[in-house]
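**Q** starting from these lines, generate the structure:
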Amino acid sequence: MQPGVDQKTEEMQRRYWVSEYIEKFLSSPNKPCILALSRPDLRKNLHTLIDVYGQDKELQSMANLVIFAGIRKDIEKMPESEREVLVQILLLMDKYDLYGKLAIPKKHDVENEVATIYRYCAEKRGVFASLALHETFGLTIIEAASSGLPVVSTNNGGPAEIIPQCENGLLVDPLNPVEIASAIKKIIADDQLWRSYSNAGVLNTQKYFSWQHHIEQYMQWVEKSIETGKTPRVEVVPDRMKLAEYLFATDIDGTLISEEHKHPGLESLVAFLNHRPDNLALAYASGRSVRLVRNVIKEMSLPEPEFLVCSVGSQIFYRQGMDYVLDKGWRAYLDKNWNRDEVSKRLESLDWMELQEAEGQNPHKISYYLKDKQFKKDQLEAVLGKLLPQLSIIVSHDLYLDILPKQASKGKALRYLCKKWSIPYSHLITAGDSGNDLDMLIGSGKGIIVGNHASELTTIKGSKNLYRAAGYAAEGILEGLEHYGVIPEDALAEIAH
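**A** Below is the predicted model:
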């Protein structure tokens, strides 16, 4: 507090300046505010919020959009990553003609005015929108709640635990525009619901997230660990997942390892991956189940990746410590228009394919062996009929057939990860050897086809973003990584030692 100024007067001054920052942008400043407040980071997903608002005329008529994205003087002099976000905001503002509806203040007092911003928006009967692709904890959710401002937040990470406890808003899929718009409109349009979330947020943040509650809970953990002799386990998102700017994803069988060729180059590749840069995340994209992928990691002493894309892209897992957890958002996404029982029933009549063992099946994957290496496409399509547009059909090594939801594949799963973790598609590098790797090799990013590839990749045309390695398996991957500049030229000999 300033010397000689009482607390009430200082708060009035802050309220005045906050309203000045915001209302000079707005034609109708008395409308409710949809508030976003974060640093200018692609992971915060601010562009999706603007897309949602810009495409929904009803939402524009109901509320203004207010975005505090850090502090700026001259965008051209900002770091490239921040500049990219702010330029994107300005371009979207112009694209949707949001002048008079979107406020993007250049500054605010981080130490003293944040709480005032939340209270200002609460007074306007607004909503705080936090649509980060993944939020490790969610401090802003608690700040908004304690100010009486209801929340619409990402269902990935900390908010998924905070909001059910605080009962102060709605969780949404940050990649689902319809769900986001519906949640915001639902809260703004229902005064009784708004009041319920506002009151619950104020009361429950004190109950569950005050320093007093934190100390009491911490002491309970300490006392429990002393009694049992065990240390409580705290899950932490690995730093590389939070810092990742690049993603290298490789198939395992025939690509990373090749028993037939005695695993050429594997030792050198493992050495590189074990000492990879902090901004390079690693994923294994395999047709194997998660159990079998983890088995091969252990048996071959492979580096632990940040991501596992298993069962031909029908499942995604994240590393937490030495464990892996399922991405429930991806699982829910694959449920749409997927009728596993009906697909299985229709395929029973085809005698040239045999159902694989239980290990090869999961809720979003039906897998078969091709008898005598026969794939009768016309028969398959005739049997599936109207279900066909809802399915992905993947043949690999002339031996395996996988049926998945249309939205599932290795490539689609990797693009989902890139979007969720704000990794540019151009920074995705993939390596594969067979048909079930095809869409990750020729989709967004850069691909490496190893020298020992299956016949189905022979006719694929090369391009500047698709490198055909001469080397087999890991040796071919190293060759491709050097080609794309991930491994500096002439560094392979050094890596081997």
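**Q** for residue 367, give me phi and psi.
**A** phi -120, psi 140 (degrees, to the nearest 10).
**Q** show the contacting residues for it.
**A** Taking CB atoms under 8 Å, 6 or more residues apart in numbering, we find residue 367 in contact with 312, 355, 356, 360, 361, 400, 401, 402, 403. Yep, even glycine has a C-beta here, placed from its N, CA and C like the rest.
**Q** neighbours of the fourth one, how many?
**A** Read that as residue 360. Neighbour count of residue 360, defined by other CB atoms under 10 Å: 20.
**Q** which ones are touching it?
**A** 289, 311, 367.
**Q** could these be laid out in a markdown table, adding distance to residue 345 and pLDDT?
**A** Shown next, in a markdown table, are these (distance: CB to CB, whole Å; pLDDT from 0 to 100):
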| residue | distance to residue 345 | pLDDT |
| --- | --- | --- |
| 289 | 23 | 92 |
| 311 | 21 | 93 |
| 367 | 16 | 94 |
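**Q** turn the residues you listed into CSV, including distance to residue 426.
**A** Below are those laid out as CSV (distance: CB to CB, whole Å):
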residue, distance to residue 426
289, 31
311, 27
367, 32
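**Q** give me the neighbour count for residue 55.
**A** As a measure of burial, residue 55 has 12 neighbours, counting by other CB under 10 Å.
**Q** surely it and residue 178 touch.
**A** No: between residue 55 and residue 178 there is no contact under CB atoms under 8 Å: 10.1 Å.
**Q** how far away is residue 280 from residue 62?
**A** 44 Å (CB to CB, to the nearest Å).
**Q** give me the more crowded residue out of the two.
**A** Per other CB under 10 Å, whichever of residue 280 and residue 62 has more neighbours is residue 280, with 19 against 15.
**Q** and the more buried one, what pLDDT?
**A** We have a pLDDT of 93 for residue 280.
**Q** please renumber so the chain begins at 47
**A** Yes, from this point I'll number from 47; that puts the last item at residue 326.
**Q** thought it was touching residue 294?
**A** Yes: using CB under 8 Å, residue 326 is in contact with residue 294, at 6.2 Å.
**Q** which neighbours do these two share?
**A** residue 532.
**Q** buried ones in stretch 89-97?
**A** Neighbour counts over stretch 89-97 (16 or more other CB atoms under 10 Å) mark 89, 90, 91, 92, 94, 95, 96, 97 as buried.
**Q** of those, the lowest pLDDT goes to which?
**A** The model is least sure about residue 89 among those, giving it 85.
**Q** backbone phi and psi for the nearest residue to that residue once chain neighbours are set aside, please?
**A** Leaving aside its chain neighbours, residue 89 sits nearest to residue 468 (4.1 Å; criterion: CB to CB, 6 or more residues apart in numbering). Torsion angles at residue 468 (phi, psi; degrees, to the nearest 10) stand at phi 60, psi 40.
**Q** the spatially most central residue of the chain: what's it in contact with?
**A** In the chain, the centroid-proximal residue (CA atoms, centre = their mean) is residue 466; its distance is 2.0 Å. By CB under 8 Å, 6+ apart, the contact set of residue 466 is 179, 180, 202, 220, 221, 375.
**Q** any idea how far the nearest residue to the first one once chain neighbours are set aside lies from residue 322?
**A** This means residue 179. Excluding its sequence neighbours, the residue lying closest to residue 179 (CB to CB, 6+ apart) is residue 466, at 4.4 Å. For residue 466, the distance to residue 322 equals 20 Å [CB to CB].
**Q** any low-confidence regions in the stretch 47-196 of the chain?
**A** 47-53, 154-158 (pLDDT under 70).
**Q** can you show me the strands along the stretch 247-396 of the chain?
**A** With DSSP state E, counting those that start in this stretch applied, the stretch 247-396 of the chain shows strands at 292-296, 326-331, 353-356, 361-366, 369-372, listed in chain order.
**Q** nearest to residue 437, of those?
**A** With CB to CB, the closest approach to residue 437 among those belongs to strand 361-366: 17.0 Å.
**Q** so which bits of that closest one are buried?
**A** 361, 362, 363, 364, 365.
**Q** any idea how far residue 316 is from the last one?
**A** Read that as residue 365. 17 Å.
**Q** now do residue 74: how many residues are near it, please.
**A** 11.
**Q** which of the three states applies to it?
**A** Of the three states, residue 74 takes coil according to DSSP: H, G, I helix; E, B strand; the rest coil.
**Q** so what's it closest to, chain neighbours aside?
**A** Per CB to CB, 6+ apart, closest to residue 74 is residue 110, 7.0 Å.
**Q** residues contacting that neighbour?
**A** 72, 74, 75, 77, 78, 79, 80, 147, 148, 149.
**Q** distance of the residue nearest to residue 179 relative to residue 185?
**A** For residue 466, the distance to residue 185 equals 20 Å [CB to CB].
**Q** residue 165 now?
**A** 17 Å.
**Q** more neighbours: these two, which one.
**A** For residue 165 versus residue 185, the count of surrounding residues by other CB under 10 Å is larger for residue 165: 19 against 12.
**Q** check which helix or strand that one maps to.
**A** For residue 165, the host element (DSSP states H and E) is helix 160-169.
**Q** now do that helix: distance to the chain's middle.
**A** A distance of 29 Å separates the centroid of the chain from that of helix 160-169, by CA atoms, centre = their mean, to the nearest Å.
**Q** next secondary structure after that helix?
**A** From helix 160-169, the next helix or strand downstream (DSSP H and E) is strand 173-176.
**Q** helix or strand right after that next one?
**A** helix 185-192.
**Q** state the mean pLDDT of the following helix or strand past that following helix.
**A** Downstream of helix 185-192, the first helix or strand assigned by DSSP H and E is strand 197-200. Averaged across strand 197-200, the pLDDT comes to 96.
**Q** now for strand 197-200, which elements pack on it?
**A** strand 173-176, helix 185-192, helix 205-212, strand 215-218, helix 223-235 (3 or more CB pairs under 8 Å, 6 or more residues apart in numbering; DSSP states H and E).
**Q** what strands line up against the first one, and which way round?
**A** For strand 173-176, sheet partners with direction are given as strand 79-84 (parallel), strand 197-200 (parallel), following DSSP bridges.
**Q** what's the most buried one of the ones you listed?
**A** Neighbour counts (mean count of other CB atoms under 10 Å) averaged over each of the strands paired with strand 173-176 peak at strand 197-200, with a mean of 28.
**Q** show me how the protein divides into domains.
**A** 53-258, 286-382+453-542 (automatic domain parsing).
**Q** would TSV of those domains with distance to residue 435 be doable?
**A** As requested, the domains of the chain are exported to TSV (distance: least, CB to CB, whole Å):
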stretch	distance to residue 435
domain 53-258	21
domain 286-382+453-542	12
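**Q** any idea which of those gets closest to residue 425?
**A** Per CB to CB, nearest to residue 425 of those: domain 286-382+453-542, 18.7 Å.
**Q** so where's the stretch 397-543 of the chain shaky on pLDDT?
**A** Using pLDDT under 70, the stretch 397-543 of the chain drops low at 535-543.
**Q** so where do the helices sit in it?
**A** 423-430, 456-466, 484-488, 519-529, 538-542 (DSSP state H, counting those that start in this stretch).
**Q** and the strands in the stretch 397-543 of the chain?
**A** According to DSSP E, counting those that start in this stretch, the strands that the stretch 397-543 of the chain contains are 399-401, 412-416, 437-442, 446-451, 474-478, 492-495, 512-514.
**Q** so which of those strands gets nearest residue 171?
**A** strand 446-451 (40.3 Å).
**Q** and for the closest one, what's in contact with it?
**A** Contacts for strand 446-451 (CB under 8 Å, 6+ apart): 333, 358-360, 380-384, 389, 393, 399, 402, 410-416, 421, 436-442, 482.
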